[in-house]
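1. Mind folding the following:
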Amino acid sequence: MLLIIILIGALILYYVQEIIYKKYWDKGLDVKITFEQSHCTEGSRNTLIEVITNNKRLPLPLLHVKFNTPKSFLFKNEDNSSVTDYYYRDDVFSIMGYQVITRKLQFTCSRRGCYYMNDTNLVSNDLFLQKTFNTNKLNRSILHVYPAKVDVSVFDIPFNTITGRFATQKTLVEDPFEFRGIREYQPYDSIHNINWKSTARTDRLQVNTFFMTSSQEVVILLNLDTHIYTKNDKLVESSIRIASSLAERFIRAGIPVSLESNGLDVFTKERIFQPAGQGQSHMAAIDNSLSRIDSGSDNADFINIIKNIFKISDKNSYYIFISNSRHEDLTGYYTLLKEQGICSYFIVPEYSSCEIKNPAPDMIKWEVE
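-> Below you'll find the model as predicted:
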């Protein structure tokens, strides 16, 4: 008799808990997957953070958190993942009621790009591990992996030429948006720059001063077409790294830099470009744009892009072509610009074993191993 009562009680418990888990297992359950750094550089380390929250009394004895990450994310421990074009992770937790679990996974960003996390799949069971339940949670975390910097010493002579001419030829004007500081009034100062609050406090005329800016700039023209008919990923990525490294070098020298490219944004499918600017924030904007280039899509027509640029551009700027492609239309147009006295250089990222035949004036080979 007692055994029958125990069996009946067990059956009642089983069906009651099944009903409760089926109805409430995902109530108050949330998973957030974020990155410790929203942007990093190719080859650097980052941390993926999983935060699982069970905001109810009902415990979950077994919870699978399933999601995928790009194959270029190299995790330390891959025992719980399978690899195809993505790493498919299956992280297992046991979480009590009103508990928060945080797990941090270190990985190396092995490739430039802009990556977003897909939705997370949650799978759990009832108390007796007999019934399976699943749901999806939205995930909108995005990581920008900037291109790695490369040695630009091969460009030393043109770099010194550009910076030297920039220093001697530029016309400096005060930028009213770049506040520098306050000093005592001098006879040549404009009355519009007087700082009346500081004047009242010191009982002497004080004026605002501003940093100088220049209308000249370096324009980086990045062509992602290659000299061969098929796309070559290594040459494309090398071109992007060169563009980033040169931009950083000129910006550090105080020279405004703009970027024009025929590469397309991986999300918006719009052409990548950045107007002229200076400072660390502008360098970050350039790297951000370069990280979003979709190397797998078709590129815009580079010849049309540069022709439109030179219709409205400042002929006193310095133009740096970065292109593995040496198509006759491109090299011919570049040579025409040189003949017109426009300061320009042509960088050809190319394998060290490949020869550049009939180089144009100021064409520099950048050897790619």
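2. isn't K338 right up against D362?
-> Yes: here K338 lies in contact with D362, judged by C-beta atoms under 8 Å, at a distance of 7.0 Å. From N, CA and C alone the C-beta is placed, and that goes for glycine too.
3. so what's in contact with those two at the same time?
-> When contacts are counted by C-beta atoms under 8 Å, 6 or more residues apart in numbering, K338 and D362 have S344 as shared neighbours.
4. Tell me, how many residues neighbour D156?
-> A count of nearby residues for D156, using other C-beta atoms under 10 Å, gives 9.
5. That one is in what secondary structure piece?
-> Assessed by DSSP states H and E, D156 sits inside helix 156-169.
6. Counting by contacts, list what that helix packs against.
-> If you count contacts as 3 or more C-beta pairs under 8 Å, 6 or more residues apart in numbering; DSSP states H and E, helix 156-169 packs onto helix 233-252, strand 318-323.
7. closest one to D126 among these?
-> Proximity to D126, assessed across the helices and strands packed on helix 156-169 by C-beta to C-beta, is greatest for helix 233-252 (48.2 Å).
8. Which elements pack onto the closest one?
-> helix 156-169, strand 218-223, strand 257-264, helix 279-291, strand 318-323, strand 344-351, strand 363-368.
9. Just put the ones you listed in TSV and tack on distance to M96.
-> TSV is the format used below for the helices and strands packed on helix 233-252 (distance: least, C-beta to C-beta, whole Å):
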stretch	distance to M96
helix 156-169	61
strand 218-223	54
strand 257-264	48
helix 279-291	40
strand 318-323	56
strand 344-351	56
strand 363-368	55
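10. Minimum distance to L205: which of the ones you listed has it?
-> helix 279-291 (30.8 Å).
11. returning to that earlier point: report the rounded mean pLDDT for the helix holding D156.
-> The average pLDDT within helix 156-169 is 76.
12. Next: stretch 103-112.
-> Here the average pLDDT along stretch 103-112 is 95.
13. ok, residues contacting that stretch?
-> Identification of contacts with stretch 103-112 by C-beta under 8 Å, 6+ apart yields 36, 40-50, 52, 69-70, 72-76, 91, 143, 145-148, 237, 240-241, 290-291.
14. What ranges does the stretch 51-200 of the chain have for its strands?
-> For the stretch 51-200 of the chain, the strands defined by DSSP state E, counting those that start in this stretch occupy 60-70, 73-75, 81-83, 86-95, 99-109, 113-116, 120-125, 132-137, 142-146, 172-184.
15. I'd say K137 and L122 touch.
-> Yes: counting by C-beta under 8 Å, K137 does reach L122; the two are 6.3 Å apart.
16. So for those two, which sits in the more crowded spot?
-> Shown here are K137 and L122; by other C-beta under 10 Å, L122 has more neighbours (22 against 16).
17. Was I right to think the more buried one contacts L62?
-> No: between L122 and L62 there is no contact under C-beta under 8 Å: 11.2 Å.
18. wait, what's in contact with Y334?
-> Applying C-beta under 8 Å, 6+ apart to Y334 gives the contacts 321, 344, 346, 360.
19. mind listing what's buried in the helix or strand in which it is found?
-> Using DSSP H and E, the element containing Y334 is helix 328-339. Neighbour-count burial for helix 328-339 flags 330-331, 333-334, 337-338 (criterion: 16 or more other C-beta atoms under 10 Å).
20. now that helix and strand 344-351, what's the angle there?
-> Per axes from the mean of the first three to the mean of the last three C-alpha atoms, to 10 degrees, the angle that helix 328-339 makes with strand 344-351 is 140 degrees.
21. model confidence over helix 328-339, on average?
-> 92.
22. And stretch 196-215, by the same measure?
-> Mean pLDDT, computed over stretch 196-215, is 73.
23. Just the CA trace of it, in PDB.
-> Extracted as PDB, the C-alpha positions of stretch 196-215 are listed here (Å, rounded to 0.1, in the frame of the first residue of the first chain):
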ATOM      1  CA  TRP A 196      35.000  89.100 -21.100                       C
ATOM      2  CA  LYS A 197      34.600  86.700 -18.100                       C
ATOM      3  CA  SER A 198      38.300  86.200 -17.800                       C
ATOM      4  CA  THR A 199      38.900  89.900 -18.300                       C
ATOM      5  CA  ALA A 200      36.600  90.800 -15.400                       C
ATOM      6  CA  ARG A 201      38.300  88.300 -13.200                       C
ATOM      7  CA  THR A 202      41.900  89.400 -13.900                       C
ATOM      8  CA  ASP A 203      41.200  93.100 -14.500                       C
ATOM      9  CA  ARG A 204      43.200  92.700 -17.700                       C
ATOM     10  CA  LEU A 205      42.100  92.200 -21.300                       C
ATOM     11  CA  GLN A 206      42.200  88.400 -22.000                       C
ATOM     12  CA  VAL A 207      41.600  86.700 -25.400                       C
ATOM     13  CA  ASN A 208      40.700  83.200 -26.500                       C
ATOM     14  CA  THR A 209      43.200  81.400 -28.700                       C
ATOM     15  CA  PHE A 210      42.600  78.600 -31.200                       C
ATOM     16  CA  PHE A 211      44.600  75.900 -32.900                       C
ATOM     17  CA  MET A 212      45.700  76.400 -36.400                       C
ATOM     18  CA  THR A 213      44.300  74.200 -39.200                       C
ATOM     19  CA  SER A 214      45.100  73.900 -42.900                       C
ATOM     20  CA  SER A 215      43.000  73.400 -46.000                       C
END
